[in-house]
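> All I have is the shape, not the residue letters:
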């Protein structure tokens, strides 16, 4: 078999997604049992109690296929946000919806503009469907430049991805900047606002994407239950999309893509907004603790509107390995001079600062 001829040319150059190290891997490498996994932007807390109860009840019926359209979940989201259910889509994580959007609209020769560094799925789905990647560097490696992104748009641009807050830097673009951008972006461009971390935002200048969604303009707003709702292991995301695009997505998505347990957990989670607020406050408190520790240790950090912090380091590989030796898993991005540090429980925050202290004691600095 000539596999080079068998496999599509667009796949060449793509590499499988590399998740962060598992806790058992780090136990073997570090010799420690007390591991802090802070590499995947997960919630350090379990699902909401009401969600656990709903999922346990649903387990008794998993011999049946799930409700194929996630209708109860979409109806609940419709009632909460005042958006017609016909303009809401659910997916196997927001990742799947990103891929389906790309599959539905991209043609060979189209261009896709996105910030960089940002979410790895944007360049992946662009290449997967034969379009041209147009990454726009973040200012100082951390902050959006919407003027530069607008300048990168051409007649061939089909999609623009905006991750707000941005992963992996934790930064946002403001309402004022976005308003100016939106006034000038051409009508032929589909704008995808990826807001996986919006529940954590404290900055009043943040532009809630849903305030711009009317179901008519080419704007999509994507969100997820993986982060503040603690359902990362179930993979359930949702989006607000114009109805013609929702129909196209329904035509190509996998049947029963959101499993029944995920639907039950997500639906129940929406009833506990008091817990969402509590977790938002806890996350902010732990970030403040980390900021203070980083300042004391002379570590440069970028203010974050998420549940992780982007820190600067000229020795990312050495610092990453040093933290592993202390049982703390963060996220490295090759030789990029930064690391992404997840925000955990109070105990994990204390361990994180202690681990950086130990690394600095060995290396002299980060």
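Right, received. Where do you want to start? If you're wondering where the values come from, they're calculated on a predicted model, not measured in any experiment. Numbering: from 1, shown residues only.

> how near is residue 186 to residue 56?
According to CB to CB, to the nearest Å, residue 186 stands 50 Å off from residue 56. Every residue, glycine included, has its C-beta placed from N, CA and C.

> what's the answer for residue 73, then?
The spacing between residue 73 and residue 56, counted by CB to CB, is 18 Å.

> Over to residue 285?
Here the criterion is CB to CB. By it, residue 285 lies 31 Å from residue 56.

> Could you do residue 167 as well?
Taking CB to CB as the measure, residue 167 and residue 56 are separated by 31 Å.

> Tell me, how many residues neighbour residue 78?
Using other CB atoms under 10 Å, residue 78 has 16 other residues around it.

> Leaving out chain neighbours, which residue sits closest to residue 109?
Leaving aside its sequence neighbours, residue 109 sits nearest to residue 156 (CB to CB, 6 or more residues apart in numbering; 6.5 Å).

> do residue 41 as well
residue 308 is the one closest to residue 41 (CB to CB, 6+ apart), at 5.2 Å.

> residues touching the one you found, list them.
38, 41, 167-168, 170, 331, 340-343 (CB atoms under 8 Å, 6 or more residues apart in numbering).

> what distance separates the helix ranked longest in the chain from the middle of the whole chain?
Assignment by DSSP state H gives helix 273-297 as the longest helix of the chain. Averaged C-alpha coordinates place helix 273-297 at 19 Å from its chain's average position (CA atoms, centre = their mean, to the nearest Å).

> buried set for that helix?
Neighbour-count burial for helix 273-297, counted by 16 or more other CB atoms under 10 Å, picks out 275-276, 279-280, 282-284, 286-287, 289-290, 293-294.

> Adding pLDDT and distance to residue 10, write these out as a markdown table.
Formatted as a markdown table, those follow (pLDDT from 0 to 100; distance: CB to CB, whole Å):
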| residue | pLDDT | distance to residue 10 |
| --- | --- | --- |
| 275 | 94 | 43 |
| 276 | 95 | 39 |
| 279 | 96 | 40 |
| 280 | 97 | 40 |
| 282 | 97 | 43 |
| 283 | 97 | 38 |
| 284 | 97 | 42 |
| 286 | 98 | 41 |
| 287 | 98 | 39 |
| 289 | 98 | 45 |
| 290 | 98 | 40 |
| 293 | 98 | 45 |
| 294 | 98 | 41 |
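
> Which residue ranges make up each domain of this structure?
3-46+274-363, 49-269 (automatic domain parsing).

> what distance separates the start and the end of the longest one?
Start to finish, the residues bounding domain 49-269 are 9 Å apart (CA to CA, to the nearest Å).

> okay but residue 312 is in contact with residue 336, surely?
No - with contact defined as CB atoms under 8 Å, residue 312 does not reach residue 336; the gap is 10.1 Å.

> Which one's more surrounded, those two?
residue 312 (17 against 13).

> Beta-bridge partners for that one, please?
residue 338 (DSSP bridges).

> ok, which stretches of this protein are helices?
Counting by DSSP H, the chain has helices at residues 3-6, 23-30, 49-59, 71-81, 93-105, 121-128, 146-152, 175-184, 243-252, 260-269, 273-297, 316-325, 346-363.
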